[in-house]
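*Asks:* curious how this folds, go ahead:
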Amino acid sequence: MSLKHSADINSRQFGFKQEVRVCQHLQQQGLVLTVRNYSCRQGEIDLIMIESGQFLVFLEIRFRSQERYGGAIASVTYHKQRKIRLAAAHFLATHPKFTHFACRFDVVGVSNGASAGLLQFEWIRNAFQ
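*Replies:* Next up, the predicted model:
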């Protein structure tokens, strides 16, 4: 196995672990998981959750080990937002039972906390339209 391939696998495993942690955190806040890693030609959505029985929340999770270039939240560029919106539209078109919900796009930034091994979550509700 090449070093690049090994790094890709480790990166994916790390990303999956962070996604699980964020999902658990959001579930503790009362959100209900509907779909994890929704993918279509238009793009991908990390988590799709329901909040308060009325909001369908499309979540993008970003991890940054350092706050260079604006950190995790700032890394959700206009281009990435567009892909998420397109994937959300595809999800709603193919899953009509969710169309009665109000929709929202949230971003959760994950960064290293002050203590080793401690992660901090920054949850931005309604991060973009």
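*Asks:* contacting residues for A88?
*Replies:* 45, 58, 103, 105 (CB atoms under 8 Å, 6 or more residues apart in numbering). For every residue, glycine as well, the C-beta is placed using N, CA and C.
*Asks:* and the second one, what are its bridge partners?
*Replies:* Partner residues in beta bridges with F58, using DSSP bridges, are I48, F105.
*Asks:* give me the buried entries from the contacts of A88.
*Replies:* Using 16 or more other CB atoms under 10 Å as the burial test, those include 45, 58, 103, 105 as buried.
*Asks:* rewinding a little: with distance to V76 and pLDDT as added columns, please give the contacts of A88 in a markdown table.
*Replies:* Listed next are these as a markdown table, based on distance: CB to CB, whole Å; pLDDT from 0 to 100:
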| residue | distance to V76 | pLDDT |
| --- | --- | --- |
| I45 | 12 | 97 |
| F58 | 12 | 98 |
| C103 | 17 | 97 |
| F105 | 9 | 97 |
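*Asks:* hmm, which two among those residues are most spread apart?
*Replies:* Greatest spacing in the contacts of A88, by CB to CB: I45 and C103 (11.3 Å).
*Asks:* any common contacting residues for these two?
*Replies:* 58, 88.
*Asks:* which one of the contacts of A88 sits closest to C23?
*Replies:* I45 (12.7 Å).
*Asks:* find the nearest non-adjacent residue to the closest one, please.
*Replies:* Nearest residue to I45, sequence neighbours excluded (CB to CB, 6 or more residues apart in numbering): Y38, at 4.5 Å.
*Asks:* ramachandran coordinates for the one you found?
*Replies:* phi -70, psi 130 (degrees, to the nearest 10).
*Asks:* wait, what's in contact with it?
*Replies:* Neighbouring residues of Y38 by CB under 8 Å, 6+ apart: 44-45, 48, 87, 91.
*Asks:* likewise T94?
*Replies:* Neighbour list for T94: C40 [criterion: CB under 8 Å, 6+ apart].
*Asks:* top helix in the chain by residue count?
*Replies:* Identified as the longest helix of the chain according to DSSP state H is helix 3-28.
*Asks:* what is the rounded mean pLDDT of that one?
*Replies:* Helix 3-28 carries an average pLDDT of 76.
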